[in-house]
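Student: Provided below for reference: sequence and predicted model.
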Amino acid sequence: MLNISGLQEGIVLDHIEAGKSLDIYFNLGLDKLDCQVAIIKNARSNKMGKKDIIKIEGGLDHINLDILGYIDHNITVNIIRDNQIVEKKTLSLPKKITNVIQCKNPRCITSIEQELPHVFYLADEAKETYRCLYCEEKYSK
């Protein structure tokens with residue numbers, strides 16, 4: 001059995017769809033942090049069959065919950081203090097995301113004005129559809 005040591009203080013991202021952990025790792029910028037990060041891929045799960053888990057040493061300020069909610073809003077965020085889960089956060093699709101996805105419309109102002117942030121708003125929660133704030137271009141996951 002694989003054993004990854006517990007966290008004194010940090011965050012555990014649980015119930016990640018199997019294979020998505022590296023996508024989350026890079027989108028959250030965890031590769032740029034100077035703390036311990038453990039990625040467990042294809043862990044056995046009674047609920048999901050297989051899942052990924054990410055353990056991050058340190059506080060919640062290391063991760064952007066909006067980016068995480070956009071990537072997969074079914075992830076559970078466990079806050080760890082003194083080796084105990086002190087809080088569980090559930091995610092939802094963010095109403096607005098900035099610089100996570102880029103508009104593909106060549107006529108969009110973001111194609112011309114490179115320094116403009118790419119801002120998308122949640123247009124249809126049921127279909128998980130976002131639209132560009134500037135040109136209304138649709139983006140579905």
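Tutor: That came through fine. Residues are numbered from 1 along each chain as shown.

Student: so, low pLDDT: which residues of this structure?
Tutor: Scanning the chain for pLDDT under 70 picks out 1-5.

Student: run through the helices of it in chain order.
Tutor: 21-27, 65-71, 109-112 (DSSP state H).

Student: please name the nearest non-neighbouring residue to residue 22.
Tutor: residue 39 (7.1 Å; CB to CB, 6 or more residues apart in numbering). Using the backbone N, CA and C atoms, a C-beta is placed for each residue, glycine as well.

Student: what sits against that neighbour?
Tutor: Listed by CB atoms under 8 Å, 6 or more residues apart in numbering, the contact set of residue 39 reads 21, 22, 25, 52, 53, 54.

Student: thinking again about what came up before, among the helices of the chain, which is the most enclosed?
Tutor: Using mean count of other CB atoms under 10 Å, the stretch among the helices of the chain with the largest mean neighbour count is helix 65-71, at a mean of 19.

Student: and the residue nearest to residue 22, bridged to which residues?
Tutor: With DSSP bridges applied, residue 39 shows beta-bridge pairing to residue 54.
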